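J.: Quick one, structure for this:
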Amino acid sequence: MSGERKVAAAVRDYIARQHISRDEFAFRTRLGRSTVDKLLTGLFSERTLAIVEGHTGLALRGLLEAGPEPDPVPAEPAAPVRPPDRPSIAVLPFAYFGPDPEQAFMADGLTEDIITGLARLRWLFVIARNSTFVYRGRPVDVRAVARDLGVRYVLEGSVRTAGGRLRVTGQLVDAETGKHIWAERYDGDPGDIFTVLDDITEKVVAAVEPHLTAEEGFRAAARQTDSIDAWGLAVRAIDLINRVEREANREAQALLERAIAIEPSYARPQALLSWATWWSAVCYWDEDRPAALARASERATAALALDANDPWARMVAGLCHSTLGRHDRALGETAAALALNPSFALGHSVHGLVLLRAGQAEAAIAETGRALRLSPLDSLAGLYTSNHGLALLGARRFDEALPFLRRAVASYPAYPGHYNALISCCGHLGLVDEARDFIAIRNRVGPPLVVRTLVANLAAYAHGPTFVEGLRKAGVPEG
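T.: From the prediction side, this is the model:
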C-alpha cells in the first residue's frame, strides 16, 4: 500500500472511530468538503496534512516517509477458531473491478464503512477490519475463512465502475452451510462518490440486519426448546410478533418471559415483550386496552433501565409514549434509537409514525419513505408500507396513500388498524363501494368499527381529524 493510501485509510479510520460524517469532519477541520474528499482518495497538500494532524493527533506524514509495505499474507491457523455464542460476521474486502486501479479505494472504503455500520448492532460480533483485510485481493473459500476467523456469517461483494456508472453487489452467506441468505445489487452515479457510498452502506447494513435476525430465529426454532438461550428465545419471538396474529403473539410473550427469567439483565427481551404487548393492545387482543398499553410502557422503561443504548428499547419506549399522547418524549426516544443505529429501518418507520402523530406530516413521509427504501424486502415491509400510507393520508395526499394502504391490508390481514386507514382513505376519495367491502372484512377481524371509538383512540394525534373525516365519508356508523 502506498503512503498516500495509508494516509487516506488512517483518516477514514479516524472518522469511523469518532462516529462522525465526512461533512462533520470537514466542518471541524475547516478544510471544506472537496478538500476532504480529495484527502480520502490520497490527494492532498502538505498544508492539508498539517491541519489534519493538528486536529486529530494522527502522525500522517510519518506514513508517507515509511514507504510502501507489502500486503500481509494470511497466517495458517493451528486450528479453527470457535465462533462466539452470539451471532458473528466477517465482512470480506469488497473486490474492485474497473478500468482505473487508483479507484480501488472505493471498495476499501465501502468495506470499512459496512464494518463500522454493522458494529453498531450490539447483538452482533463483528470481526475487525485488520483481520479481514488480510484476504484483500485474494481468492478465498468462504467456509475456510469463517473457520479461520470463527464466525457464522460472511458478507462479501464487489464494486464495479464502467461507462460513468457505479455498481455494487453484496451477498450474505451462512458459512456453516454455504447457504446464500441475502443478495442485492445497487447502482449509482459516481459523480458524488462519497454520498453514493454512504447511501449504499446504509442500505446494506439495513438489509443485512433483518435477514440475520430472521436466520437466527430459524436456527433457534430448529433446536429443542429447552436448549435455547435468552438470545435464541428473543429472535424466535421477533418472528412470531411480526406475524401480527393473536396466538403467535401469545407464544412470543411466553418465550420472552422465559428469556427474562434466564437472563434478567438482558434488555432486548424486555424491549420485545413491550413490543408484543403493544401489538396485543392495538389489535384489541387484550380486553383492557389501556391497561395493556400501560404495561407495554412499563416494560419499555424496564428495558431502558437495563440498557439505555439498546435501539429497540429506545424505539419501543418512544412508540409507547406516542401511543399515550406524550409526543415530545416519544420523539426524543425514537430519535435516540436512530442515533444509536442510523440503518434501523423499523426505527425510521416508527419515528415517522411518531412525527405524524405529533403534527409533522411531511417529515413523517420522509422517514417512512426512507424505511421503505432501506429495507423493502424484510419481514416488516408491510408495516413500513402501512406507516408510509398513513403518513400520506395525514398529509391529505389521498391518491398517493391509497396503493400503500391497499398493500398494507394484504400484508397483515388480521390487523384491524390497517383496514381503518384504508377505509378512511377510500372515504376521502369517494370509493364508497370499496370502503363498504373493507368495513365488512374489518368487522370480522376486530370489534365493530364505529366512529366514536376512533375519535377516542385518535384524540391525541394531529392526524386524527383527517382520519375520522374519511371514516364518516366512507359511511362508518357513529356508534
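
J.: Let's see the helix or strand hosting residue 111 as CSV, backbone CA atoms only.
T.: Per DSSP states H and E, residue 111 falls inside helix 105-119. What follows is helix 105-119, C-alpha atoms only, in CSV (Å, rounded to 0.1, in the frame of the first residue of the first chain):
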residue,chain,number,x,y,z
PHE,A,105,-10.1,3.0,-2.6
MET,A,106,-13.9,2.9,-3.2
ALA,A,107,-14.1,-0.8,-2.5
ASP,A,108,-11.9,-0.5,0.6
GLY,A,109,-13.8,2.5,2.0
LEU,A,110,-17.1,0.8,1.4
THR,A,111,-15.9,-2.3,3.2
GLU,A,112,-14.7,-0.3,6.2
ASP,A,113,-17.9,1.7,6.4
ILE,A,114,-20.0,-1.5,6.4
ILE,A,115,-17.9,-3.0,9.2
THR,A,116,-18.4,0.2,11.2
GLY,A,117,-22.2,0.1,10.5
LEU,A,118,-22.6,-3.5,11.5
ALA,A,119,-20.5,-2.9,14.6
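
J.: Using the three-state scheme, assign residue 96.
T.: What DSSP: H, G, I helix; E, B strand; the rest coil gives for residue 96 is strand.

J.: quick revisit: ok, residues contacting the following helix or strand past the helix holding residue 111?
T.: For helix 105-119, the succeeding helix or strand toward the C-terminus, using DSSP H and E, is strand 125-126. For strand 125-126, the surrounding residues in contact (Cβ atoms under 8 Å, 6 or more residues apart in numbering) are 84, 86-91, 115, 118-119, 151. In short, each C-beta sits where N, CA and C put it, glycine included.

J.: top of the residues you listed by neighbour count?
T.: residue 91 (31 neighbours; other Cβ atoms under 10 Å).

J.: Quote the end-to-end distance of stretch 306-315.
T.: The first residue of stretch 306-315 is 15 Å away from its last residue (Cα to Cα, to the nearest Å).

J.: quick one: average pLDDT of that stretch?
T.: In this model, stretch 306-315 carries a mean pLDDT of 92.

J.: Just the buried residues of that stretch, please?
T.: 306-307, 310-315 (16 or more other Cβ atoms under 10 Å).

J.: Can you tell me which of these is nearest residue 444?
T.: Closest approach to residue 444 among the buried residues of stretch 306-315 (Cβ to Cβ): residue 315, at 31.2 Å.

J.: Nearest the middle, which residue of the protein would you pick?
T.: Taking Cα atoms, centre = their mean, the centroid of the chain lies closest to residue 344, which sits 2.2 Å from it.

J.: Around the closest residue to residue 409 other than its chain neighbours, how many other residues sit close by?
T.: Spatial nearest neighbour of residue 409, excluding adjacent residues (Cβ to Cβ, 6 or more residues apart in numbering): residue 418 at 4.9 Å. When counting by other Cβ under 10 Å, one arrives at 28 neighbours for residue 418.

J.: hang on, residue 418 in a helix?
T.: Yes. Residue state for residue 418 (three-state DSSP) corresponds to a helix.

J.: can you tell me how far it sits from residue 475?
T.: Computed with Cβ to Cβ, to the nearest Å, the distance linking residue 418 and residue 475 is 19 Å.

J.: what does residue 113 give?
T.: Taking Cβ to Cβ, one finds residue 113 at 52 Å from residue 475.

J.: same thing with residue 406?
T.: As judged by Cβ to Cβ, residue 406 and residue 475 stand 19 Å apart.

J.: Name the residue in these two with the higher neighbour count.
T.: More neighbours surround residue 406 than the other of residue 406 and residue 475, with 17 against 13 (other Cβ under 10 Å).

J.: The more buried one and residue 422 touch, don't they?
T.: Yes. Look at residue 406 against residue 422 with Cβ atoms under 8 Å: they come within range, at 6.4 Å.

J.: all helices of the stretch 151-300 of the chain, in order?
T.: Per DSSP state H, counting those that start in this stretch, the stretch 151-300 of the chain carries helices over the ranges 193-221, 230-242, 246-262, 267-282, 289-306.
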